[in-house]
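Q: I would like to see how this sequence folds:
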Amino acid sequence: MTEMMANPPGLLISAPSSGTGKTTVMLGLLRALAEDGLTVQPFKSGPDYIDPAFHRAAAGRASFNLDSWAMGEPLLGAISAQAQGADIVVAEGSMGLFDGVAKPGELGHGSSAETALRMGWPVVLVLDVGGQAQSAAATALGFRMYNPDLPFAGVILNRCASPRHERLTRLGMERAGLPVLGVLPRRGDLTLPERHLGLIQAVEHPDLESAISGYAAFLREHVDLAALRRAASANHDRAPSVALPRPPAQRIALAQDAAFSFTYPHLLEGWRSAGAEILPFSPLANEAPAPDADLVWLPGGYPELHAGVLAAADVFLAGLRKHAETKPVHGECGGYMALGQALVDKDGVQHQMAGLLGLVTSYEKRKFNLGYRRAELLAPMPGHGIGSALRGHEFHYSSILEQPDPPLARVFDAEGAEGPQTGSLRGNVTGTFFHLIAKASA
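A: Residues are numbered from 1 along each chain as shown. I've put the predicted structure just below:
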């Protein structure tokens, strides 16, 4: 008989929409609970690859994505098992609570509500009450009743203008029978810096530690932390987890700096736990990949902001080209762009890249590309053979000007429409615009 393992209790921080302050609440709550002596396990619902680095900085523990569109039950179980040893789980939702895709993936539509249901985490709804009072309760009640099976902890009222505003808003919540777990006064200094793909990266924040400490103090003053802890819950019927994704090679040279930083944490954890060696190097510092690496992996990031530096990184480029003569190289999104022939920056200046693929991309000719992707491989890529079905996510503004190489895959969006951004290959080099999340049904 299989012995079940109990999950630690948890909460999911969500909101009616993006831009309501849930990330500020999330970071402040992670740090405040950690300051109280709890071991806090963060998660991110959905495919966002920027937030987990902020979570780690706040909680002191690696954060992982849980994605009910891209991941099958075994992988969701393996990732949720990373909470073993924690006292409490705090997960952050993506977009609005019920927002997802039109057609389900392996499990569902990829919404934060699905994650909360799957894990048994009650939802804390962060509401921006600016410009309304009692009416905010109608919004909250609609979210509470949209799926009555969804566990619901209560609301945190954000951007409250005055004590009178608070009293009126609380009256509405009381009438609707919704617990108020906190009321946050309006403060303009509690926003994180942003750039063209959303938040800046955690490594680029000018004073992240001070910012997170400030969020924690703010949350501690205005939120009932004890009530939040009492509201936390979870499903307790998880079987022992299966393995995380296997590594594509034994010794993996992984580009890691401000230009190349977006690799899903569960992939890296899976590679490490299976015994692979990850050998970080910085192209921006003109470092070559380890010459004895079996594979070079260039993740996504912001090469368009550093194109001149990368074009001049002679040691990096020479080492990359040398490796590609005999061993595999793979690039995702920004890494794919850097493997190409050239990159045109926002000012229209063309910079020579590695030239290992014929790809020419332009950030001057901006085109918004966002969404889940399902790929059927037409050729092998590291870790996956011909015919493999992969699930991933794409998020960039770059346009393809030239792509002369053979396609790597047929690529479809979440609704099944086939797209032109197929990835490409040449010799030992492969690249895709989508960020790999999982093998289908994994």
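
Q: Is the closest residue to Pro380 other than its chain neighbours part of a helix or strand, or is it coil?
A: For Pro380, ignoring the flanking residues on the chain, the nearest one in space by CB to CB, 6 or more residues apart in numbering is Ile386 at 5.7 Å. To be clear about C-beta, it is placed using only N, CA and C from the backbone, and glycine gets the same treatment. Secondary structure state of Ile386, per DSSP: H, G, I helix; E, B strand; the rest coil, is coil.

Q: surely Ile386 meets Ala375?
A: No. Counting by CB atoms under 8 Å, Ala375 is not a contact partner of Ile386; they are 12.0 Å apart.

Q: Specify which residue of the two has the higher count of neighbours.
A: Ala375 (24 against 11; other CB atoms under 10 Å).

Q: Now do the contacts for the more buried one.
A: Counting by CB atoms under 8 Å, 6 or more residues apart in numbering, Ala375 touches 389-392, 408-412, 423, 432, 434.

Q: do Lys22 as well
A: Contacts here follow CB under 8 Å, 6+ apart; on that basis Lys22 touches 13-15, 92-93, 126.

Q: same question, Met119
A: 7, 10, 12, 66, 80, 89, 91, 234-235.

Q: Ile437 too?
A: 47, 65, 67, 70-71, 264, 391-393.

Q: So it, which state does it fall into?
A: The three-state assignment at Ile437 reads strand, by three-state DSSP.

Q: That one: what's its closest spatial neighbour, skipping adjacent residues?
A: Computed as CB to CB, 6+ apart, the closest residue to Ile437 that is not its neighbour in sequence is Ala70, at 4.2 Å.

Q: Please report phi then psi for the one you found.
A: Dihedral pair for Ala70: phi -90, psi -20, per degrees, to the nearest 10.

Q: doesn't Pro47 make contact with it?
A: Yes. Here Ala70 lies in contact with Pro47, judged by CB under 8 Å, at a distance of 6.8 Å.

Q: Between these two, point out the one with more neighbours.
A: It is Ala70, of Ala70 and Pro47, that has more neighbours when counted by other CB under 10 Å, with 30 against 24.

Q: any idea how far the more buried one lies from Tyr372?
A: For Ala70, the distance to Tyr372 (CB to CB, to the nearest Å) stands at 7 Å.

Q: Now do the shared contacts for those two.
A: In terms of CB under 8 Å, 6+ apart, Ala70 and Tyr372 are both contacted by the residues 47, 105, 110, 391-393.

Q: Just the ones in strands from those, please.
A: Using DSSP state E, the subset of the shared contacts of Ala70 and Tyr372 located in strands is 391-393.

Q: Quick one: residues in contact with the host helix or strand of Gly154.
A: In this structure, Gly154 sits in strand 152-160 according to DSSP states H and E. Contacts of strand 152-160 from elsewhere in the structure, counted by CB under 8 Å, 6+ apart, are 11, 20-21, 25, 122-130, 136, 140, 144, 166, 169-170, 173, 178-186, 223, 227-228, 231-232.

Q: Return a PyMOL selection command for the buried portion of these.
A: Filtering the contacts of strand 152-160 down to the buried ones (16 or more other CB atoms under 10 Å) takes a single PyMOL command:
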select buried, resi 11+20+21+25+122+123+124+125+126+127+128+129+136+140+144+166+169+170+173+178+180+181+182+183+184+185+223+228+231+232
